[in-house]
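K.L.:
Return atomic coordinates for the entry below.
(chains A, B, C and D)
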Number of protein chains: 2
Amino acid sequence: MTTTGQPQVRAARTVGRALRPTTKALPEHARAHNRSMVLAHLFHEGPSSRADIARSTGLTRVTVSGLVGDLITEGLVSELGVRSEGKVGKPATLVGMRTSDFLVVAVDLTDDERILGAVMTLVGDVVERRSVPLEGRVGEAALELLEQLCRDLLALADRPVIGLGIASPGVIDTDGRVVQAPNRGWYDLPLAALLTERLEVPVHVANDANTRALGEFTYGEAAGSGSMVLTIGEGVGAGIVVDGALVLGRHNAAGEIGHVTVVDAESAAGSDEEPAVCACGRAGCLETVLSVPALRRRTSGLTPEESDAALASVGRKLGIALAPVVSALDLAEVLLAGPPDLLDGPLRETALSTVRERTMPVIGHGLALRMAAMDEDGALAGAAVLVLSGQLGVS
Amino acid sequence: MTTTGQPQVRAARTVGRALRPTTKALPEHARAHNRSMVLAHLFHEGPSSRADIARSTGLTRVTVSGLVGDLITEGLVSELGVRSEGKVGKPATLVGMRTSDFLVVAVDLTDDERILGAVMTLVGDVVERRSVPLEGRVGEAALELLEQLCRDLLALADRPVIGLGIASPGVIDTDGRVVQAPNRGWYDLPLAALLTERLEVPVHVANDANTRALGEFTYGEAAGSGSMVLTIGEGVGAGIVVDGALVLGRHNAAGEIGHVTVVDAESAAGSDEEPAVCACGRAGCLETVLSVPALRRRTSGLTPEESDAALASVGRKLGIALAPVVSALDLAEVLLAGPPDLLDGPLRETALSTVRERTMPVIGHGLALRMAAMDEDGALAGAAVLVLSGQLGVS
DNA sequence: CATGTTTGTTAGTAGACCTTCCTTACTAAA
DNA sequence: TTTAGTAAGGAAGGTCTACTAACAAACATG
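P.N.:
Presented below is the predicted three-dimensional model:
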């Protein structure tokens, strides 16, 4: 590159630094990244030879051997003997992640009635399961109950526990601090740091809807290019993944779609439905029609036909709210997590057709709107993934 | 870490690999990253000492000296003498990016009537400006016109040109291939690769709305935590940045919010407005009420009061469509780019109040909805940023 | 004038990956 | 049985990267 003239230098007109990388990169970061790639390969593909891993990652066999050596030293990976399949050349020595020799403890705080907990293997199999009723406890009392459940679960583990993951409702920041969780009476509570210190185990905390999305992406079949997992329970929340990463938002409140107005006072005046008052203090929120209690209330005592019509009506409202989001993010799919008897019928079908008729063909026609693959343990599995991701870099 | 029992290894239940890192990391990548950090610091903060850069980046002075040395050898950076301000210690030698010794060529294809082009310095100052009328040309003819304009602009440059950036309407993939741009009659056209070869200059292409968003983030004041730049012209498009990165979406069609239905046939039946037919073939799209031609049509011949009411009505429709997006992504701000006489009044105010009344307070109240800081050259400036980002890693 | 501070450089060290070459172990064909 | 070919895994040596430690230069201050 050649240059001419005198150097003239000036700052850009303003200080916008939105997309500027802000953290330095060291060679050891590269090492950690590559280590995670090896571990992720073993996690997703199962036992493999070092040469397999080298081909898959693009690293050389030498480098992979070194990384695998480290992992074996740490005990996370072990050799499994020679591959039986007869091919030419020296037979491969399989190595695999010791997914059943370590455990993860996962806790789900989604439910207002009780705290769910489980001891799981690294592949998400539940080994032990416990739950305790909340009985209206909030704030400090709820925290104590949570801590005791965690202690009980840790005591149940007969193998080393690499970490503890918690799925909590509310706004959680990236450090696992609960900014606000009204239902549990928690405000500005450094939950992850607190429990990490008290339990002497690494603790990771994330929003329950985001956690469920994580579970769906790891164990389910959700597409990373653009997906939204809509969790429908006592409330309505969403976890969104675009371009391979969870969306967090400005105050880590992304996905809080339950309190968007979907029933208008004026347009509903003539029709059969009035906007219902919501727990958030406003009226006509998506949650007032789509939450499980609202759906049960709405359909109870109706004939199947009437019930289907009511569900379709809610599906239409959902579709109207989803259409702008699907368009703006060019989503590949929307997954519904919740009771299939309510969701997987007229509601889902009407929501899909509504989104399709309200968006461009290229967006809407490719869209999938289906039930989430994970059952009610989705949030628990996601909490386990939180630990895998945080402790091992696997996800 | 200790282990117990026999190794038992199994693959995860499925092959979900949404969030798995897929590319290896090498030490040289770290070097490139750090180099970009140094360059970005100089670009945004202006001339600085090596020690300043070290403090800002977290790297040591030694490392920064090495990186700056490389950049000086390449000619991108130069020493500017000692800092005049008298402080204790050895006076600092300032180094700065030679932003005026290199040029960027930027082209904006947003307009249906003509192609805009400019030769700019690295800080976005326009040195030369040219435009050519399209006169209805599409497909190959439009491409030839574009290529000729690029050649003319390159010939006008009296300093080395580091690259050429193009803002085009339509769906553009990350390699600068125009997947589809109906207005220009381009389908599956590898525009960046084609022009890079023909013009012998690095060419970068991106969607015009995304480009404008880039310009706004680099030269304007948009927040990287979550912002949307809504470009309102002959069409309506959006560029969205969440968590510091542009949202691309499944088919690189993110931001195509202009064709979301906002006028319903049934609810409008009683009112004064019928859903208008859109260029996309459907009816009631946002574009049919919010595009500049639609707004001009709607307000022409009205009294100021009537005009304000009409604009407020459009603002309300916009607000209804924005509310779910703002909620789902927890956006910090929405910027409007377009004619201020139409947008920066009742339309903007009503849109903002509508979003606020339809979203949670924590989301809506912190939201800013204001005019974009960049003028009509926004897309050009963004196209220049495309080059800075692509060639220098600066953005 | 002595002292302390800040800058930028030199020299040495540790880590990370690469390429090249070697041994081991197997299949396939003469 | 022998020979050739293929593939896995590891060892040696080289390059690149950034760090720490130590130092000289240049200035402000008491």
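K.L.:
Relative to A:Leu380, how far out is A:Cys128?
P.N.:
That one is not Cys; residue A:128 is Glu. Distance, A:Glu128 to A:Leu380, by Cβ to Cβ, to the nearest Å: 12 Å. Bear in mind the C-beta positions are built from the backbone N, C-alpha and C, glycine included.
K.L.:
closest point of chain A to DNA strand D, which residue?
P.N.:
Residue nearest to DNA strand D within chain A: A:Gly89 (2.1 Å; Cβ to the nearest atom of the strand).
K.L.:
From the contact counts, what lies against the top helix by length along chain A?
P.N.:
The longest helix of chain A (DSSP state H) is helix A:304-329. Where contact means 3 or more Cβ pairs under 8 Å, 6 or more residues apart in numbering or on different chains; DSSP states H and E, helix A:304-329 is packed against strand A:226-232, helix A:287-290, helix A:292-299, helix A:346-358, helix A:361-364, strand B:236-242, helix B:304-329.
K.L.:
average pLDDT across that helix?
P.N.:
In this model, helix A:304-329 has a mean pLDDT of 96.
K.L.:
Pull out the buried positions in it.
P.N.:
A:307-308, A:310-329 (16 or more other Cβ atoms under 10 Å in any protein chain shown).
K.L.:
Same question for stretch A:252-271.
P.N.:
Buried, per 16+ other Cβ under 10 Å, within stretch A:252-271: A:252-263.
K.L.:
can you tell if stretch A:355-366 touches chain B?
P.N.:
Yes. Using Cβ under 8 Å from any Cβ of the partner chain, stretch A:355-366 comes into contact with chain B via A:357-363, A:366.
K.L.:
What residues sit buried inside that stretch?
P.N.:
Those would be A:355-356, A:358-360, A:362-364, for stretch A:355-366 by 16+ other Cβ under 10 Å.
K.L.:
Stretch A:233-246 now?
P.N.:
Result for stretch A:233-246 [16+ other Cβ under 10 Å]: buried residues A:233-244, A:246.
K.L.:
picking up where we left off before, following the chain onward from the longest helix of chain A, which element is next?
P.N.:
strand A:333-337 (DSSP states H and E).
K.L.:
Is there contact, residue-wise, from that following strand to chain B?
P.N.:
No. Contact between strand A:333-337 and chain B is absent, the nearest approach being 8.7 Å (criterion: Cβ under 8 Å from any Cβ).
K.L.:
Which secondary structure elements does the next helix or strand after that strand sit against?
P.N.:
Counting by DSSP H and E, the element after strand A:333-337 in chain order, helix or strand, is helix A:340-343. Counting contacts by 3+ Cβ pairs under 8 Å, 6+ apart, helix A:340-343 is packed against helix A:292-299.
K.L.:
ok and the helix it packs on relative to strand A:236-242, angle-wise?
P.N.:
On the basis of axes from the mean of the first three to the mean of the last three Cα atoms, to 10 degrees, helix A:292-299 is oriented at 120 degrees to strand A:236-242.
K.L.:
and helix A:292-299 with helix A:346-358, angle?
P.N.:
Here helix A:292-299 points in a direction 100 degrees away from that of helix A:346-358 (the same axes, to 10 degrees).
K.L.:
and the angle for helix A:292-299 with helix A:304-329?
P.N.:
Helix A:292-299 and helix A:304-329 meet at an angle of 140 degrees, taking the same axes, to 10 degrees as the criterion.
K.L.:
what comes up buried for helix A:292-299?
P.N.:
Buried residues in helix A:292-299 (16+ other Cβ under 10 Å): A:292, A:294-295, A:298-299.
K.L.:
Can you lay out these as JSON lines showing pLDDT?
P.N.:
What follows is the buried residues of helix A:292-299, written out as JSON lines (pLDDT from 0 to 100):
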{"residue": "A:Val292", "pLDDT": "95"}
{"residue": "A:Ala294", "pLDDT": "95"}
{"residue": "A:Leu295", "pLDDT": "95"}
{"residue": "A:Arg298", "pLDDT": "93"}
{"residue": "A:Thr299", "pLDDT": "93"}
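K.L.:
Closest to DNA strand C out of those?
P.N.:
A:Val292 (47.9 Å).
K.L.:
For chain A, which residues score under the pLDDT cut-off?
P.N.:
A:1-21, A:86, A:266-273, A:395 (pLDDT under 70).
K.L.:
domains for it, by residue range?
P.N.:
A:29-82+A:90-97, A:103-213+A:378-392, A:223-371 (automatic domain parsing).
K.L.:
can you tell me which of the ones you listed comes nearest to B:Ser36?
P.N.:
Closest of the domains of chain A to B:Ser36 is domain A:29-82+A:90-97, at 14.9 Å (criterion: Cβ to Cβ).
K.L.:
how about that closest one, does it get close to DNA strand C?
P.N.:
Yes. Counting by Cβ under 7 Å from any atom of the strand, DNA strand C is contacted by domain A:29-82+A:90-97 at A:30-31, A:34, A:58-60, A:62-63, A:66-67, A:82, A:90-91.
K.L.:
A:Asp188 belongs to a helix?
P.N.:
No. Counting by DSSP: H, G, I helix; E, B strand; the rest coil, A:Asp188 is located in no helix; its state is strand.
K.L.:
helix, strand or coil for the closest residue to it other than its chain neighbours?
P.N.:
Counting by Cβ to Cβ, 6 or more residues apart in numbering or on different chains, A:Asp188 lies nearest to A:Val179, which is 6.3 Å off, once chain neighbours are set aside. At A:Val179 the chain is in strand, as set by three-state DSSP.
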